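In: One predicted model, sequence on top.
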Amino acid sequence: MKIFQSIIIVCLLCFNVFAQSKKTENGCLNVLVLGGTSFLGPQITNELLKHGHKVTHFNRGNENNFSFPGVEKLKGDRDGNLKALEGRKWDAVIDTSGYIPRIVEASSKILAKATNHYTYISTISVYENYNQTNISENYPLAKLDNSNDENITDKTYGPLKTGCERVIKTYFSDNSLIIRPGLIVGPYDPTDRFTYWVRRLAEGGKILVPNNPAQKLQFIDVRDLAKWIVKMVEEQAVGVYNATGPEGELDFEKFIHECSKFAKKKVDIIWVDENFIIDHHLDNWNKFPLWLYSKGNMAGLFTINSHKAQDKGLCYRPLLETISDTLRWDEKRVNRKMRVGLSSEEETDLLNQLNNEN
């Protein structure tokens, strides 16, 4: 009997040691999120909390309608007020708000000795151009015409991010993870580029759509991106990764077709020739989001190679799920004025002009 009891005790001790080792292996991380209150940041925070990690936010104190009672809030400003970061330690830092190299360097000087791992959210806009398809992580990067220029514009956004990446690699040479997402879409998207088509197709009726149905499309659901980023942080992964989707090919026509499945009434797609759009001086990206002029030499923008990230576990939910969830969120919005796309008046006027010209 005593022998039997001894065996049980030994087994229990072994189990406790095993359990403790697993707990240590999969233990809670203490993570600092720089930013954390806009679109991707809250999704990363949700994912970290779901995994049991401790989260601290550093920002200017504006929660942007996202409330995280269990998250420590450090108030400050990356451009001149970093005192709250001093003397602290974190297992990992996730930087969602670095746009200016000088400002990123200021926080990096403090955080280089304060963390074991640094994740920087960059962008595919860092690439020099999109003249070729299948752009991978080693493609040439964009450079600023004026190295002192800190104004963020369509022209400087990518080069400035390139400069930020350079800073991160300097201060976190052996422990940095740089993520280059493509277009990020889904619920709470502040840009409305994806949401415009989701809403417009749901409304039904006559819908003006650029006649380039074979144009490739790429984007990634914000929740899929956040989930993968947290996974990579947990693994302490390093290196540079493009991160966009879907896994297979998607073109503009299929996207429009998938959105139309949620229409409340009959959809009548009016495919309009590119020359009509040019003749009427319509900005292709703002008035027809996600669509590019065929002569713009931008073939690579929506054919980015994300195989490296997929090999590290990046995966995607069905497109219809992203569309339906975005639609449900959009329908609940208080301010539903679109930032991009045609207004109903503009679309009606253009349809009438198109009829008159035909």
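Out: Received it, and whenever you're ready, just let me know what you need. Numbers count the residues shown, from 1 in each chain.
In: now stretch 95-102: mean pLDDT?
Out: Mean per-residue pLDDT for stretch 95-102: 98.
In: got the contact list for that stretch?
Out: The contact list for stretch 95-102 (C-beta atoms under 8 Å, 6 or more residues apart in numbering) reads 33-36, 38, 40-41, 44, 59, 78-79, 104, 107, 118-121, 150, 152, 157, 160-161, 163-164, 166-168. For glycine as for every other residue, the C-beta is placed from the backbone atoms N, C-alpha and C.
In: Just the element for Leu327, please.
Out: In the assignment (DSSP states H and E), Leu327 maps to helix 319-332.
In: residues in contact with the residue sitting nearest the centre point of the chain?
Out: Residue closest to the mean C-alpha point of the chain, counted by C-alpha atoms, centre = their mean, is Ile184 at 3.9 Å. Residues near Ile184 by C-beta under 8 Å, 6+ apart: 39-40, 219-222, 225.
In: Do you know the pLDDT at it?
Out: 98.
In: Same question for the one 3 residues further on.
Out: We note a pLDDT of 97 for Pro187 in this prediction.
In: Burial check on it, number of neighbours?
Out: Neighbours of Pro187 under the rule other C-beta atoms under 10 Å: 19.
In: hang on, it packs against Lys332?
Out: No. Assessed by C-beta atoms under 8 Å, Pro187 is found out of contact with Lys332, at 9.5 Å.
In: Keep only those of the contacts of stretch 95-102 that are in helices.
Out: 40-41, 44, 104, 107, 157, 160-161, 163-164, 166-168 (DSSP state H).
In: Filter those residues down to the buried ones.
Out: Buried by 16 or more other C-beta atoms under 10 Å: 40-41, 44, 104, 107, 157, 160-161, 163-164, 167-168, out of these.
In: of these, closest to Ser294?
Out: Nearest to Ser294, judged by C-beta to C-beta, of these is Tyr157 at 23.6 Å.
In: all helices in this structure, in order from the N-terminus.
Out: 2-25, 40-50, 101-111, 157-171, 193-203, 222-234, 252-260, 274-279, 284-287, 307-311, 319-332, 344-357.
In: Would you reformat those helices as a markdown table and include distance to Phe68?
Out: Listed next are the helices of the chain as a markdown table, based on distance: least, C-beta to C-beta, whole Å:
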| stretch | distance to Phe68 |
| --- | --- |
| helix 2-25 | 24 |
| helix 40-50 | 6 |
| helix 101-111 | 21 |
| helix 157-171 | 25 |
| helix 193-203 | 24 |
| helix 222-234 | 14 |
| helix 252-260 | 32 |
| helix 274-279 | 43 |
| helix 284-287 | 33 |
| helix 307-311 | 27 |
| helix 319-332 | 18 |
| helix 344-357 | 37 |
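In: And those helices: which comes nearest Asp91?
Out: Short answer: helix 222-234, nearest of the helices of the chain by C-beta to C-beta, at 8.8 Å.
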